[in-house]
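Student: here are the coordinates; sequence isn't available:
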Ligand code: M6R
């Protein structure tokens, strides 16, 4: 959602901040701004390009901070955009997170005669830091004193005219990292802003504060100075660029075969899986009486398939809860007998992170299925498995969703082979898994067909996505994909639910996308198609190769993907649904990578 960048060094900070803000654009924002120390602040609503256009030609300075804002307190206006200053304009602050007690702090500051320029919670913190800095000798003491008064979450970066080469960063519940380059230091809330300049980073932990100058950095926690591990980012800079594709979403869908290969690489035995990240905690997982999976959006839907995989192959009872609900629920199970698996591409989704913290508070073992190395959820969980899907920039989760499914298959296989799954069944799964990248390639070759089907349905206003068993979660996911990218009203249902209400809406204008692979529930799904047909509804059927002719008479259009193991089929059927959503949005000329109102990572509740 909001994004932070900062630089202090020997180069002009302005182009570095602007390129950092552009790299953060994918996370969603509505206004942006930069502050260059001893030069000034410029803020604009809308795209970073608007901000860039309005910069004076000669603007130059070697220390500065920048921000992309996604409005929470106050509408997206220039006044509410960051950086914020105190009334005396001695400091500039950019902030991600929410200051929960801002109203009471603001009331006290107003009583003292301080006049506010914005409606934001952030300005309250800026005023507090400015006030402290007028009496304290250095910026870090002022920041520390101000932070002791606030309640909430923050990743902040502060600059001051009085200490021109210095930046102070602090973190509590909102990600921040320090990038170490030859010419100076970068600070950012997301690796993509740093990647073009350096891959050497330090992740700040909650409660830590970094003082960064052109010469070096110092990191402190409450107990004093901290020696931090210096890490290398594993992503390459080309992975955060479109590389000639029209949209990141398309590039990322087309990467799926390679992503499956990367997720499986080095993790398959002939009849089982090896997951280094789970090695130490495996005995405890195997003893679990219940596995609770949590996540939001597509990550939650991947969890619904994960639940079935774990029950089917490992025989461990599993359940899936929305992270935004789980965190408020009473934990009734014995925490020693339950394991939480948190699924998150970004590793920064606040509700998922809070659910992890809640489970940990109850003494539960927590695991992460996370794509972003070093992210908050990856760090908060006791152990986990990285997706290795590479950066996902398009707001719609595509390759990351598929890789989440692949990780769940690996976990189920590993647990299963340590419990009741037979060697033969293990071998069968591994054999089919190894073929998946090739089969995914074949699913991607449907693109021209999907393009013309999308043209047929381009003016559709409403759509159901229906599927049974393994394909019920894929129906939910297909509907989410279509609605978030193409703004078509779409709902996903277990096909068996049709007759319990949804069928009332079927008429000749209503599209139903039916997931009907040749699997154990095929005939039942086919009956649902007949019921829709009988009511004049439009039908797009997605089946498996070789079965097309069975559905031609029922559906307006039929697509088919290669047949694989029933439990792996969702990894293939999800692909045409992603392409369908993409083509529908493209035909409608919509902003596919950054759809309205959405952000790539949801870091507020
Ligand atoms: O980063 P996360 O996986 O935790 O994100 C969870 C959801 O916000 C995300 O899957 C969202 O639903 C996507 N826009 C779906 O395409």
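Tutor: Great, that's in hand. Just so it is clear, the structure is predicted and the values come from calculations on it, not from any experiment.
Student: shaky segments in this structure?
Tutor: Along the chain, the model assigns pLDDT under 70 to residues 1, 28.
Student: can I see the domain layout of it?
Tutor: The chain breaks down into these domains under automatic domain parsing: 3-239, 242-442, 445-591.
Student: what about the last one, start to end distance?
Tutor: I take that to be domain 445-591. One end of domain 445-591 sits 24 Å from the other (CA to CA, to the nearest Å).
Student: circling back to that earlier point, just put the domains of the chain in JSON lines and tack on distance to the ligand and mean neighbour count.
Tutor: In this view, the C-beta of every residue, glycine as well, is placed from N, C-alpha and C. JSON lines is the format used below for those (distance: least, CB to the nearest ligand atom, whole Å; neighbours: other CB atoms under 10 Å):
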{"stretch": "domain 3-239", "distance to the ligand": "10", "mean neighbour count": "20"}
{"stretch": "domain 242-442", "distance to the ligand": "2", "mean neighbour count": "21"}
{"stretch": "domain 445-591", "distance to the ligand": "6", "mean neighbour count": "20"}
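Student: my guess is residue 528 is in a strand, correct?
Tutor: No - using DSSP: H, G, I helix; E, B strand; the rest coil, the secondary structure at residue 528 is helix, not a strand.
Student: OK, contacts around it?
Tutor: Taking CB atoms under 8 Å, 6 or more residues apart in numbering, we find residue 528 in contact with 466, 495, 496, 498, 514.
Student: on that earlier part again, okay, the domains of the chain in JSON lines with distance to residue 600 next?
Tutor: Listed next are these as JSON lines, based on distance: least, CB to CB, whole Å:
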{"stretch": "domain 3-239", "distance to residue 600": "4"}
{"stretch": "domain 242-442", "distance to residue 600": "5"}
{"stretch": "domain 445-591", "distance to residue 600": "11"}
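Student: picking that back up, how about the contacts of residue 528, which pair is most distant?
Tutor: 496 and 514 (12.5 Å; CB to CB).
Student: if we can go back for a sec, of all the contacts of residue 528, which comes closest to residue 605?
Tutor: Nearest to residue 605 among the contacts of residue 528 is residue 466, at 31.6 Å by CB to CB.
Student: Might one say that that closest one is in contact with residue 495?
Tutor: Yes - using CB atoms under 8 Å, residue 466 makes contact with residue 495 at a distance of 4.1 Å.
Student: overlap in contacts of those two?
Tutor: Residues touching both residue 466 and residue 495 (CB under 8 Å, 6+ apart) are 475, 514, 515, 525, 528.
Student: Out of the residues you listed, list just those in strands.
Tutor: Among those, the ones falling in strands (DSSP state E) are 514, 515.
Student: Residue 354: which of the shared contacts of residue 466 and residue 495 is nearest?
Tutor: Among these, and counting by CB to CB, the member closest to residue 354 is residue 475, at 28.1 Å.
Student: For the closest one, give me its contacts.
Tutor: Contacts of residue 475 (CB under 8 Å, 6+ apart): 465, 466, 467, 492, 493, 494, 495, 513, 515.
Student: so what's the spatially closest residue to the last one that is not a sequence neighbour bridging to?
Tutor: Distance criterion CB to CB, 6 or more residues apart in numbering; nearest residue to residue 515, sequence neighbours excluded, is residue 467 at 3.4 Å. The bridge-partner assignment for residue 467, based on DSSP bridges, gives residue 494.
Student: okay but residue 467 is in contact with residue 496, surely?
Tutor: No - counting by CB under 8 Å, residue 467 stays clear of residue 496, with 9.9 Å between them.
Student: Could you find the residue nearest the spatial middle of the protein?
Tutor: residue 346 (3.4 Å; CA atoms, centre = their mean).
Student: Go ahead and confirm that one touches residue 372.
Tutor: Yes - between residue 346 and residue 372 a contact is recorded at 5.6 Å, counting by CB under 8 Å.
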